[in-house]
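J.: What follows is a protein structure lacking sequence information:
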């Protein structure tokens, strides 16, 4: 164990995701277990610059494991993108006797951490908290499993009414530039079509497929659309196009929106958060820095931060095929 | 008991609502209990005209009480608005030996039933199935309680992320021209403001109130907006106006949409559906017609169909006051 | 408005129920609205004797409306049953400048309040918080609607496995001496039999009915049993008896237990709590005392505390009949 | 692709688990995709012997992906354990032109399949459907993720009331001889202690730990107990022992029971079921037999059936350590 680390800070930054509170709790409890201090930073890098800290012991994180959002709050910080901002942040950390920091967030968060580490050689460790699952170095990001279930439960409800009225619904789910939520929630909800950025089926093939589906006797349909999909400029344009080219369907749109970011985390996300917090703190105590913790093949692994944020698609080709077969 | 009624048909029409399946089940089971036949009609008045019937005994409605939507499907029928369409429907009923019909739906459904009864003196009995709670003669319509809970659970999730990011969310809920869902879900979700058609607060008062709220230390806010509210032409226009007039807030919109129409019904709606089905069938057997069953002060009552569809506001003034106090 | 009341205390006592937090919030917000002080008392009458108080303003009850349990905690107090204990409690109230108290709980809570009021003429106002719905003067107690939904959702899951295996399940639900939860959750879950203390069907009639049900082709069955039912000494004895007398069934038991007391309150309970808190505080401000607030026919009403705790059955005979018809 | 396989049967056997319906659907859809026939067998091996079959095409499995239980029903078959029973089953398969069979279940199901294959060289392929996660050759069995979430949601509710009353709850979860559900649901629910068969902490250490916990200021506690744990003969004996040896706690028991076997499957289980069904059918079409499909490191893999049912513990030692740290 590193002799140098006596106090660790933790912050959440970027878009929030379910499980962030469970991860903060785990960081605080692991610090307590190793008898070092833990400090929470409010509002991500903004709070770091403002010195907006709160001491966290094992008790102060009681009752948060099942709460959505992040009690430390999150924010995007323009000031931290400047050299001056980061200098103030560094001074705050030093003044408060903080020796290392755990960053819970996505690629923007990690990019900030990398720059900060480069400038000040300050120990940082990342935890991938985002519903989008768009980070390398972990099979699943924190909050992704919860978001999938939120989406599937909502689509289940939409199917009830779609089926009662023989309607076609375009349901837009989150996921930024990647199709993980759309593909998995689409398969999970038994969608008739799934549109993801990684696979451009083209709008005409979509219309053909829907026509075929109608003829084969399907009276209602759900098309799950990733927000980053590029067939239409928006899900509403998709609807308009299909409205004009498919007489048989009564077409509606539902944008699931921000509810996908909240809610009590699933068991998977709570366990993942607990494991990630332990790994993050103990890796810092072992003298490591500039890594992100992740779960690869169900084992906790470290990945250099710069690799974690590289935009490589992790989309599962086998699952795309499964999705095609399921919509036979 | 009326000697004349040996076979009762049941249909669902108009927008679907959770609990319709439970009501169909109750109609079928009550017919079985009284040893008369029951027939389900597919796709509302459309199926009536097409003679699209299915025999329903006590067993054939097994396992539907907890399912959203309506397995008999629903539709709006232009043909039934014509004299010719209604004539065919009447002939279908006669040919199939059907003596009376239970209509599950909202005001459009009941209006159709009234006209039909006037023309053919055919016994009809209404069950108010709509999430909007905009029917007179019942304290609660079927599906309304479920829709409230769906809305509140979604807003709970949105609040998680609103609070993490200090954001202002406009959340649009359903309810057509009335504010029941908005007012109750708004109070239930602890919304900071609730905009309903029955009470026009004006956009400037809204902006003032949000400003005051910000100054008093509230960092995030939820404004629940009824779809029928008239302050903005849409919730997106509201957002734009506030964006332009309130610097301090990061404003987002979420339209909950059609998921509010689906989902497994709550215990209340399942029990209500069971009670309504019994009352509807037994009222027909007693020789009554042209009524809607409803629950008034927790007692099953009959209201003439023409009174049920009269547009009188049932909005609870006391609850509006409670809502004002809660957002102190 | 009473000139004398400047500070109101609120406590929760007895078994907890979902919505208690929402009621505390409403009491605190209503005090803030009327510009008087509010004080929370921890652990019911125990905290009253110990002077374990916390100031509650409008902000300090933020974020509790959707939380189960009671953040003020609850307890049963032996000391408050003694003259000495109540004397100390009275001194604590006087020392802290408290002019009135809102009691959230059930009959034990109200009995304590009545005695206290008799001895010290101290203004008290009750809010019926219990899942059992066994209080007069209100159509529904706070937490009852949530408990019904928790029970129904659990029984839905049990039915999945009962149906897959053609099993008979005895499911025990809460409700103390009354059958409200059993009757409503039983109808809501589509139970084949419902055993409540108010209607003793006798164990032999139960066995006959289950035999008949089996012969009519039902392969699985759910029997919902109120914890206060007296056919068997326990649900396990019921199982044993049926096991010995009914060869055809594979019989299991599930006791839903304390999960029925927790969980995020339904929209109905949150709205009810909000209304009750307003009515309780404003009634005290109007100089009233020794009442319980309740909802009768959807209107907020006051009932003298001594009437509220009188054990009269409110069981709905019409619903018992509906339940018989549904299990045809 | 194997020329010989033109018709595949699918059955569910042993204890049911959420996701079985989704797996049946996937088997049927994959058969349709490859233009071969699919047949469902009712009541597991019992229905195989009785020839209780139903044709399954792509449409006939519509709407089942989100339903708990198994619409093909499950049963344990004593007849299939005899040579005579298996001979009849084989004859039924031949008479119905069935060329291979997909077995959805746990170790009992696979043992039966192995014996059958040995005797008749009939192609069989297993899908691990059990909530217990006690099968080798797959990181997660079908239904396990759903059962975890059901358990965690129930414990969340129990914690509400435990915390309100400063109580100690022993909560028994399912899992047969292994501690997967207890360990993961325990960490997910933030339990203070977790008792699993794989780690015998001894009852005295438990009592010491609870005492220490109480002294450190924890007022309420949740102890999650695996049903296969051996400290007490039952969770009720545990309670009695602690009642006698720990004055400070008010101790209660909750046995979650069979609700853990039901409920709508999570997104993870629905996707897993879809992938497993495809892999099972396509492996049979490739001429393979006597394997179980599973997900290992997120990839679909085959494991010989005899290895799948070997009782090796897969319990995650790292997670046991995480659990120790979380309860600091």
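T.: Here it is on my side, so go on. Just so you know, these numbers come straight off a predicted model, no measurement behind them.
J.: Quick check: nearest residue in space to the residue in chain A positioned nearest to chain C, chain neighbours excluded?
T.: Residue of chain A nearest chain C, by Cβ to the nearest Cβ: residue A:264 (8.7 Å). The way it works is simple: take the backbone N, C-alpha and C, and place the C-beta from them, glycine included. The spatial neighbour of residue A:264 that comes closest, neighbours along the chain excluded (Cβ to Cβ, 6 or more residues apart in numbering or on different chains), is residue A:66 at 4.9 Å.
J.: okay, now the nearest residue to residue A:143 once chain neighbours are set aside: neighbour count?
T.: In this structure, residue A:143 finds its nearest non-sequential neighbour in residue A:17, 2.7 Å apart by Cβ to Cβ, 6+ apart. Using other Cβ atoms under 10 Å in any protein chain shown, residue A:17 has 35 neighbouring residues.
J.: now do residue A:258
T.: The tally of other residues near residue A:258 (other Cβ under 10 Å) stands at 24.
J.: which phi and psi does it have?
T.: phi -70, psi -10 (degrees, to the nearest 10).
J.: quick one: pLDDT of it?
T.: pLDDT recorded at residue A:258 is 97.
J.: Please apply the same query to residue A:2.
T.: Confidence at residue A:2, expressed as pLDDT, is 58.
J.: Show me the residue of the stretch 201-328 of chain A that gets nearest to chain B, please.
T.: residue A:262 (3.2 Å).
J.: picking up where we left off before, how much space separates the residue nearest to residue A:264 from residue D:44?
T.: Computed with Cβ to Cβ, to the nearest Å, the distance linking residue A:66 and residue D:44 is 37 Å.
J.: Next: residue A:273.
T.: 39 Å.
J.: Compare these two and say which is more crowded by neighbours.
T.: residue A:273 (30 against 27).
J.: Show the average pLDDT along the host helix or strand of that one.
T.: Assigned by DSSP states H and E, residue A:273 falls within helix A:267-285. The pLDDT scores in helix A:267-285 average 98.
J.: repeat for stretch A:235-251
T.: 89.
J.: Likewise for stretch A:133-146?
T.: Across stretch A:133-146, pLDDT averages out at 96.
J.: what do you get for stretch A:85-100?
T.: Mean pLDDT, computed over stretch A:85-100, is 98.
J.: So which bits of it are buried?
T.: A:85-86, A:88-90, A:92-93, A:98-100 (16 or more other Cβ atoms under 10 Å in any protein chain shown).
J.: So what's the gap between it and the chain middle?
T.: Distance of stretch A:85-100 from the chain centroid (Cα atoms, centre = their mean, to the nearest Å) equals 27 Å.
J.: again, but for stretch A:14-25
T.: Offset of stretch A:14-25 from its chain centre (Cα atoms, centre = their mean): 10 Å.
J.: on that earlier part again, wait, doesn't the residue of chain A closest to chain C sit right on residue A:21?
T.: No: if you go by Cβ atoms under 8 Å, residue A:264 and residue A:21 don't touch, sitting 9.8 Å apart.
J.: So between these two, which is more surrounded?
T.: Shown here are residue A:264 and residue A:21; by other Cβ under 10 Å, residue A:21 has more neighbours (28 against 22).
J.: Not counting sequence-adjacent ones, nearest residue to the more buried one?
T.: residue A:64 (4.2 Å).
J.: quick one: that neighbour and residue A:19, what's the gap?
T.: For residue A:64, the distance to residue A:19 - Cβ to Cβ - is 11 Å.
J.: More neighbours: which of the two?
T.: Of the pair residue A:64 and residue A:19, residue A:19 is the one with more neighbours under other Cβ under 10 Å, namely 34 against 19.
J.: list the contacts for the more buried one?
T.: Applying Cβ atoms under 8 Å, 6 or more residues apart in numbering or on different chains to residue A:19 gives the contacts A:129, A:142-143, A:146, A:265, A:269-270, A:272-273.
J.: Weed out the non-buried ones from these.
T.: Buried members of those, scored by 16+ other Cβ under 10 Å, are A:129, A:142-143, A:146, A:265, A:269-270, A:272-273.
J.: so which two of these are the farthest from each other?
T.: Spatially, the most separated pair among the buried ones among the contacts of residue A:19 is A:129 and A:270, at 12.9 Å (Cβ to Cβ).
J.: Tell me where chain A has strands.
T.: Shown for chain A, the strands assigned by DSSP state E span residues A:7-12, A:37-41, A:53-55, A:100-105, A:124-128, A:167-173, A:193-195, A:221-226, A:250-255, A:291-296, A:299-304.
J.: Quickly run through the sheet partners of the fourth one, with directions.
T.: Each strand that strand A:100-105 pairs with, and the sense of that pairing, follows from DSSP bridges: strand A:7-12 (parallel), strand A:124-128 (parallel).
J.: and the angle from the first one to strand A:37-41?
T.: For the pair strand A:7-12 and strand A:37-41, the angle between their directions (axes from the mean of the first three to the mean of the last three Cα atoms, to 10 degrees) equals 30 degrees.
J.: Which residues does strand A:7-12 contact?
T.: Defining contact as Cβ under 8 Å, 6+ apart, one finds that strand A:7-12 is touched by A:20, A:24, A:27-28, A:31, A:36-42, A:44-45, A:47-48, A:53, A:56, A:70, A:72-74, A:93, A:96-105, A:129, A:281, A:284, B:164.
J.: What's the PyMOL line that selects buried ones from the residues you listed?
T.: Buried members of the contacts of strand A:7-12, defined by 16+ other Cβ under 10 Å, are picked up in PyMOL with:
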select buried, (chain A and resi 20+24+27+28+31+36+37+38+39+40+41+42+44+45+47+48+53+56+70+72+73+74+93+98+99+100+101+102+103+104+105+129+281+284) or (chain B and resi 164)
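J.: Double-check residue A:243 against residue A:251; I have them as touching.
T.: Yes: between residue A:243 and residue A:251 there is a contact under Cβ under 8 Å: 5.2 Å.
J.: Which one's more surrounded, these two?
T.: Using other Cβ under 10 Å as the criterion, residue A:243 and residue A:251 rank with residue A:251 on top: 19 against 13.
J.: ok, back up a step: isn't the residue nearest to residue A:21 up against residue A:26?
T.: No: in this structure residue A:64 lies outside contact range of residue A:26 using Cβ under 8 Å: 10.3 Å.
J.: what sits against the closest residue in space to residue A:294 that isn't next to it in sequence?
T.: Counting by Cβ to Cβ, 6+ apart, residue A:294 lies nearest to residue A:138, which is 2.8 Å off, once chain neighbours are set aside. Shown in contact with residue A:138 (Cβ under 8 Å, 6+ apart): A:128, A:292-296, A:301, A:303, A:308.
J.: looking at the residues you listed, which has the most residues close by?
T.: Within these, neighbour counts (other Cβ under 10 Å) peak at residue A:128, which reaches 34 neighbours.
J.: Identify the bridge partners of it.
T.: Taking DSSP bridges as the rule, residue A:128 bridges to residue A:105.
J.: Low-confidence regions, chain A specifically.
T.: For chain A, residues meeting the criterion pLDDT under 70 lie at A:1-3.
J.: Since that was my last question, I'll sign off now.
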